[in-house]
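Asks: give me a 3D structure for the following:
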Amino acid sequence: MILDKLNSYLSKINEGKQVGQVYHYTTPGRALGILRDNEIKSGNYGPGPDLDKKGVSLTRDKNFHKQNRIIHGTHVRFVLHGDSISNNNKIHPYHGTIGMHNDEQEEFVHGNIKNAKKHIKEIHIMATHPERHSDFYKEHYKELQQIAKEKNIPIKEIS
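Replies: Next comes the predicted model:
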């Protein structure tokens, strides 16, 4: 009986944080790298004392791209299973990314997100982004479609 209670407590401790659906915005080139390497690689985030922390920034805000906040050509959005990410990674709420507002509903994942394919629900291309008609964009989009199809990940343009 004591062993059953202990196992029950341990299973609760080992459960990941319930995060729900989250989004990761990135550039077309980095999106290709994520699909090729099967890993979302970490970057440096700040400001202030957090500047030295490496991790992946996610948002719960599905309308993030509609608020004139596309930064550095980040017009590819990965729709991710936040719960499965939290089962394998240390994740916590995060506010104040450089250049962003404090109302982002952001999550911060420490380190890289490995085995990315198992966390990706679908890929969205921001159809309203001004660079979408450039040759560079079209080339990357075509390759993104091909790799996503090979990996059975839905990909679509959204506005």
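Asks: how close does the closest residue to E106 other than its chain neighbours get to N88?
Replies: Once flanking residues are discounted, E106 sits nearest to Y94: 4.6 Å by C-beta to C-beta, 6 or more residues apart in numbering. All C-beta atoms are positioned from the backbone trio N, CA, C, and that covers glycine. Distance of Y94 to N88, given as C-beta to C-beta, to the nearest Å: 18 Å.
Asks: higher neighbour count, the two?
Replies: Between Y94 and N88, Y94 has the larger neighbour count (other C-beta atoms under 10 Å), namely 20 against 14.
Asks: just the pLDDT for that one.
Replies: According to the prediction, Y94 has pLDDT 70.
Asks: do the one 5 residues further on as well
Replies: At G99 the predicted local confidence, pLDDT, stands at 43.
Asks: what segments of this protein are helices?
Replies: Secondary structure of the chain by DSSP state H: the helices cover 2-14, 28-37, 82-88, 135-150.
Asks: turn the ones you listed into JSON lines, columns for distance to I113 and mean pLDDT.
Replies: Formatted as JSON lines, those follow (distance: least, C-beta to C-beta, whole Å; pLDDT from 0 to 100):
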{"stretch": "helix 2-14", "distance to I113": "19", "mean pLDDT": "56"}
{"stretch": "helix 28-37", "distance to I113": "9", "mean pLDDT": "92"}
{"stretch": "helix 82-88", "distance to I113": "6", "mean pLDDT": "90"}
{"stretch": "helix 135-150", "distance to I113": "17", "mean pLDDT": "86"}
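Asks: redo these as JSON lines? Include distance to V56.
Replies: Listed next are the helices of the chain as JSON lines, based on distance: least, C-beta to C-beta, whole Å:
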{"stretch": "helix 2-14", "distance to V56": "22"}
{"stretch": "helix 28-37", "distance to V56": "10"}
{"stretch": "helix 82-88", "distance to V56": "9"}
{"stretch": "helix 135-150", "distance to V56": "19"}
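Asks: what's the burial count for R36?
Replies: R36 has 10 neighbours, counted by other C-beta under 10 Å.
Asks: can you tell me how far the spatially closest residue to it that is not a sequence neighbour is from K121?
Replies: Spatial nearest neighbour of R36, chain neighbours left out: I147 (7.0 Å); criterion: C-beta to C-beta, 6+ apart. Distance, I147 to K121, by C-beta to C-beta: 16 Å.
Asks: dihedrals phi and psi, K62?
Replies: Dihedral angles of K62 (phi, psi; degrees, to the nearest 10) stand at phi -70, psi -10.
Asks: any idea what the closest residue to it other than its chain neighbours is bridged to?
Replies: Leaving aside its sequence neighbours, K62 sits nearest to Y23 (C-beta to C-beta, 6+ apart; 6.3 Å). When bridges are called by DSSP bridges, Y23 pairs up with T59, V79.
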